[in-house]
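In: Quick one, fold the following:
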Amino acid sequence: MPIDYPSRIPLARLPTPLQPLDRLTEKYSTPHGGPRLWVKRDDLTESGMSGNKLRKLEFIAGAAREGGCDTLITCGGIQSNHCRTTALVGARLGMRVQLILRGEHSGTSDGNLLVDQLAGASCAFYSPREYFSRQAELFDYWRDFYQQRGHRALCIPTGASDGLGIWGYISGAEELLGDCREAGFEPGQIVCATGSGGTQAGLTLGCYLLGASTRVTGFAVCDSAEYFQEKVRQDVAEWADGREGGVDPAALDVNVNADYIGPGYAIAEEPVYRTIAEVANLEGILLDPVYTGKAFHGLLQELHRGSYQGCENLVFVHTGGHFGLFPHREHFGFLQ
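Out: Predicted coordinates for the structure are as follows:
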């Protein structure tokens, strides 16, 4: 069925490539076979703004412009890919950006935080306890701060994951399925990292709306499988609210694997770093320890367990995040 998209501002370089991972496929094939591995290179949506967040921000920026906003306010960790992308989007569109960041600034800027500052975003730092306990209050404070100075702000939730941001990966699912058709197959599985739920929600809803039989699985990098199943359905419910012929979120097959989170969000163990090195060595692709590295490590472990028997083609959606790789440089001592 045709999808009627809302206003958007083209920011990403689309379509991103769909690329076979033949060396990894050969290495991880089992005596019983297994799927051919592919990667959807959404790490190439744009250079500095690269990653999955840019697809969502196209629609959020469209809504901001329609609403007469000149300021974007959002939140995330100090090494948030979403905050970095929002900072660069704001710079490109001539909008102010206020970031509500979780964690204490050490005084040294690296990775995504360095890019935030280069892009001219205003950064406010809060302890994790204050960040989580006062998040709604902090958004209100900064929105009022800018309003008192004659500016109109749009507040963007964590990861741009809500009923508006979900449009980014409804569109992304349509693009991905079209890529696969051109390559001569329909994917049995689409796999992505799940950190705020919005990318998985868009892919799941997009495949549903387009009538694809593809199963979407998110590898959680924080929280529980139950949390993300509920979060995906909340985003879909918000998207469907007031829409004719809306989707019943309970009818969606929401698959989350939370077995590879490790010690916690943004904390990885050596096997994840070794997976990152292996993928770079075999395929020339950079993953990060927070999102894609954990998800791809989980994917390889599930391949080894034979979890994808019967699936001929599996597509991993590379959601970007390579700037977040560099603050973890000390964990790659095994390369010396």
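In: Show me what counts as buried in stretch 150-163.
Out: A153, L154, C155, I156, P157, T158, G159, A160, S161, D162, G163 (16 or more other Cβ atoms under 10 Å). To be clear about C-beta, it is placed using only N, CA and C from the backbone, and glycine gets the same treatment.
In: Tabulate these (TSV), appending pLDDT.
Out: Listed next are the buried residues of stretch 150-163 as TSV, based on pLDDT from 0 to 100:
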residue	pLDDT
A153	98
L154	98
C155	98
I156	98
P157	97
T158	96
G159	96
A160	96
S161	96
D162	96
G163	96
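In: Closest to G320 out of these?
Out: G159 (12.2 Å; Cβ to Cβ).
In: can you give me the strands for the protein?
Out: Assigned by DSSP state E, the strands in the chain fall at 18-20, 36-40, 71-77, 96-102, 122-126, 153-155, 189-194, 215-220, 255-257, 313-317.
In: quick one: which of these is nearest T204?
Out: strand 215-220 (4.7 Å).
In: tell me the contacts of A280?
Out: Residues near A280 by Cβ atoms under 8 Å, 6 or more residues apart in numbering: L286, L287.
In: And stretch 307-321, what's buried?
Out: In stretch 307-321, counting by 16+ other Cβ under 10 Å, buried: Y308, C311, N313, L314, V315, F316, V317, H318, T319, G320, G321.
In: Would you reformat these as CSV and include pLDDT and distance to R134?
Out: Below are the buried residues of stretch 307-321 laid out as CSV (pLDDT from 0 to 100; distance: Cβ to Cβ, whole Å):
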residue, pLDDT, distance to R134
Y308, 93, 43
C311, 95, 44
N313, 98, 46
L314, 98, 41
V315, 98, 39
F316, 98, 36
V317, 98, 33
H318, 98, 34
T319, 98, 28
G320, 97, 29
G321, 94, 27
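In: Export the residues you listed as JSON lines, with columns for distance to S213.
Out: Formatted as JSON lines, the buried residues of stretch 307-321 follow (distance: Cβ to Cβ, whole Å):
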{"residue": "Y308", "distance to S213": "15"}
{"residue": "C311", "distance to S213": "11"}
{"residue": "N313", "distance to S213": "12"}
{"residue": "L314", "distance to S213": "14"}
{"residue": "V315", "distance to S213": "14"}
{"residue": "F316", "distance to S213": "18"}
{"residue": "V317", "distance to S213": "18"}
{"residue": "H318", "distance to S213": "23"}
{"residue": "T319", "distance to S213": "23"}
{"residue": "G320", "distance to S213": "27"}
{"residue": "G321", "distance to S213": "29"}
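In: in this protein, what spans have low per-residue confidence?
Out: By pLDDT under 70, the weakly predicted segments of the chain are 1, 31-32.
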